[in-house]
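1. Pasting the sequence and the predicted coordinates here, then a few questions.
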Amino acid sequence: MQKVKIVLKSGKDQSVRRYHPWIFSGAIKKIYGKPSEGDVVNVYDNKDEFLATGHYQPGSIAVRILSFSEIEPDINFFRERIKNAINYRRAIGLVNNSQTNVYRLVHAEGDDLPGLIIDYYNGVAVMQMHSVGMYRMRNEFAAILKDICGERLKAVYDKSEGTIPYMSGVSGKNEFLYGNSGPVIVSENGFRFKIDWTIGQKTGFFIDQRDNRKLLLEYSEGKRVLNMFGYTGAFSVYAMKNAVLVHTVDSSASATELANENIRLNYGEEHMHEAFQVDAFDFLNDIKGKYDLIILDPPAFAKHNKVLSNALQGYKRLNMKAIEQIRPGGIIFTFSCSQVVTKENFRKSVFAAAANTGRKVRILHQMSQPPDHPVNIYHPESEYLKGLVIYVE
Ligand code: SAH
């Protein structure tokens with residue numbers, strides 16, 4: 001089929017020539033034809049030189065680039081890309097790992113598949129499409145996964161209902177595309193978690209914190225630990241191994257329930273853990289000196305640039321409370337998963353928070369996302385998770 005041609009304004013080809021995978025609507029000089037959401041389009045510079053093939057989407061990001069050479073993004077094209085993503089996970093030791101059977105199989109731009117997320121939960125693949133172009137291929141993706149993974153794969157679940165933009169003419173539905181399965185128990189670094197992808201956030205679990213949870217394990221020995229914004233209680237489960245007391249806080253009742261369930265799954269009826277359903281900001285007002293280690297892993301405070309300064313204020317306020325309240329010699333694991341908040345901005349917020357309290361603070365570690373959430377070097381935006389481990393004197 002003849003593809004719609006999109007021509008960029010003079011000079012706007014520069015970022016494409018540096019392999020950035022997004023074309024913003026403001027860079028476009030002319031669209032020849034009327035592409036629908038999700039159509040495959042070809043992009044040219046203003047001298048008519050071919051630049052890229054990608055998925056069209058009305059909105060700020062107009063094209064998500066699939067290839068910088070002229071290709072047909074058919075099932076074979078995607079099979080190669082997905083195979084490549086799986087081979088990469090195998091190379092970094094995540095496939096057939098005896099300790100860990102939960103990992104991200106496809107990380108959008110990080111795997112040259114913009115708009116596509118696939119997480120693997122011990123035999124169940126959960127997909128989330130963020131573009132109509134990718135959504136249209138969902139059944140092909142399920143078939144590809146089945147082909148490549150074979151018997152190991154019990155089911156493929158599509159959880160795109162809330163993630164596809166615009167949806168004109170596209171009615172997303174959360175459903176199994178292959179097989180069927182109830183919640184599964186996964187293992188991460190030997191710890192066990194119940195995953196129910198049909199409820200909750202993302203595809204069911206914050207896989208991206210795996211390495212940071214492991215780091216926490218090293219610091220929790222003998223500590224009284226407070227896990228703020230606990231969700232599945234994953235940080236708490238790790239901390240429990242070595243800590244003397246662990247408290248989980250989340251404003252959602254289903255989250256505190258899930259955290260308790262995961263604690264029981266690993267430790268049975270254990271009394272050194274307690275979960276509190278309460279607002280994090282309220283809880284932090286009244287804990288002076290009670291904890292030696294605090295984890296702050298809030299939801300993204302900024303989803304887009306317009307609210308960036310509010311978000312930075314939010315991080316500052318939150319961190320200030322924790323720095324103020326933690327016992328002398330305490331440690332804080334603090335995170336931001338907002339894509340629009342840069343590493344530098346986040347660090348500045350924590351700096352401002354520390355300065356406001358007047359306490360002496362050292363940075364022990366700078367954290368990021370694990371290698372199954374790879375950062376495409378040409379797309380710095382794929383580095384979204386950042387964190388600091390700080391020591392408060
Ligand atoms: N740390 C978690 C992920 C956190 S997701 C993990 O490792 O899996 C963010 C969580 O913050 C959600 O469970 C949400 O219910 C909770 N939350 C959002 N706003 C909150 C608030 N003001 N106070 C307490 N919890 C909040």
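-> Alright, I've got the coordinates.

2. For residue 47, grab the count of nearby residues.
-> Residue 47 has 8 neighbouring residues, counting by other C-beta atoms under 10 Å. Where C-beta positions appear, they are placed from N, C-alpha and C, glycine not excepted.

3. confidence score at residue 175?
-> In this model, residue 175 is scored at 96, pLDDT.

4. Where does the prediction get shaky in the protein?
-> 1, 166-169 (pLDDT under 70).

5. The ligand contacts on that one?
-> Contact residues, the chain versus the ligand (C-beta under 6 Å from any ligand atom): 206, 209, 229-232, 234-235, 249-252, 255, 279-281, 297-299.

6. please redo it, this time with the cut-off set to 8 Å
-> Residues of the chain lying near the ligand by C-beta under 8 Å from any ligand atom: 200-201, 205-206, 209, 213, 227-235, 249-252, 255, 278-283, 295, 297-299, 335, 337.

7. Emit the ChimeraX select command for whichever of the residues you listed are buried.
-> A single ChimeraX command selects the buried members of the residues of the chain next to the ligand (16 or more other C-beta atoms under 10 Å):
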select :200,205,206,209,213,227,228,229,230,231,232,233,234,235,249,250,255,280,283,295,297,298,335,337
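
8. In strands, which of the residues of the chain next to the ligand fall?
-> Of the positions in these, 227, 228, 249, 250, 295, 335 sit in strands, assigned by DSSP state E.

9. Any chance you could list what contacts the strand or helix carrying residue 80?
-> Element membership for residue 80, per DSSP states H and E: helix 75-91. Residues from elsewhere that reach helix 75-91 (C-beta atoms under 8 Å, 6 or more residues apart in numbering): 66-67, 71, 95-96, 103, 105-107, 111-113, 118, 137, 140-141, 143-145, 147-149, 372, 374.

10. and if we set it to 10 Å?
-> Applying C-beta atoms under 10 Å, 6 or more residues apart in numbering, the contact partners of helix 75-91 are 53, 66-67, 71, 73, 94-97, 103-107, 110-113, 116, 118, 120, 134, 137, 139-141, 143-145, 147-149, 371-372, 374.

11. In that helix, which residues are buried?
-> For helix 75-91, the neighbour count (16+ other C-beta under 10 Å) marks 77, 78, 79, 81, 82, 85, 86, 88, 89 as buried.

12. quick one, phi psi at residue 164?
-> phi -80, psi 130 (degrees, to the nearest 10).

13. wait, what's in contact with it?
-> Here residue 164 is in contact with 37-38, 57, 115, 128-132, 134-135, 170-172 (C-beta under 10 Å, 6+ apart).

14. one more time with 8 Å, if that's ok
-> Taking C-beta under 8 Å, 6+ apart, one finds 129, 130, 131, 132, 135, 170, 172 in contact with residue 164.

15. Helices along the stretch 101-250 of the chain, start to end?
-> Assigned by DSSP state H, counting those that start in this stretch, the stretch 101-250 of the chain shows helices spanning 132-135, 138-149, 210-219, 234-240.

16. So which of those helices is nearest residue 355?
-> helix 210-219 (23.9 Å; C-beta to C-beta).

17. How about the contacts made by the residue nearest the centre of the chain?
-> When C-alpha atoms, centre = their mean is applied to the chain, the residue found nearest the centroid is residue 208 (5.8 Å). Neighbour list for residue 208: 104, 337, 369, 370, 373, 385 [criterion: C-beta under 8 Å, 6+ apart].

18. switch the cut-off to 6 Å
-> When contacts are counted by C-beta atoms under 6 Å, 6 or more residues apart in numbering, residue 208 touches 369, 373, 385.

19. so which of those comes closest to the ligand?
-> The ligand has its nearest neighbour among these in residue 385, at 10.7 Å by C-beta to the nearest ligand atom.

20. Please name the nearest non-neighbouring residue to that closest one.
-> Excluding the flanking residues, the one nearest residue 385 by C-beta to C-beta, 6 or more residues apart in numbering is residue 369, at 4.1 Å.

21. before we move on, what about residue 263?
-> Distances taken as C-beta to C-beta, 6+ apart place residue 273 nearest to residue 263, at 4.9 Å, with adjacent residues excluded.

22. In this structure that neighbour contacts residue 262, no?
-> No. With contact defined as C-beta atoms under 6 Å, residue 273 does not reach residue 262; the gap is 10.0 Å.

23. Which residue ranges make up each domain of the chain?
-> By the record's domain assignment, the chain is partitioned as 4-67, 75-186, 206-392 (automatic domain parsing).

24. number of nearby residues for the residue nearest to residue 385?
-> 24.

25. now residue 182
-> Under the criterion other C-beta under 10 Å, the count of neighbours that residue 182 has is 8.

26. Export stretch 269-282 to CSV, keeping only CA atoms.
-> Taking C-alpha atoms only, stretch 269-282 is exported to CSV below (Å, rounded to 0.1, in the frame of the first residue of the first chain):
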residue,chain,number,x,y,z
GLU,A,269,2.1,-14.7,59.5
GLU,A,270,4.8,-12.3,60.4
HIS,A,271,4.4,-9.6,63.1
MET,A,272,7.2,-7.3,62.4
HIS,A,273,5.4,-6.0,59.4
GLU,A,274,2.4,-3.6,59.4
ALA,A,275,0.6,-1.8,56.5
PHE,A,276,-1.1,1.5,57.0
GLN,A,277,-3.7,2.8,54.6
VAL,A,278,-3.1,6.6,54.9
ASP,A,279,-1.9,9.6,52.9
ALA,A,280,1.9,9.6,52.8
PHE,A,281,2.2,13.3,53.5
ASP,A,282,0.1,13.0,56.6
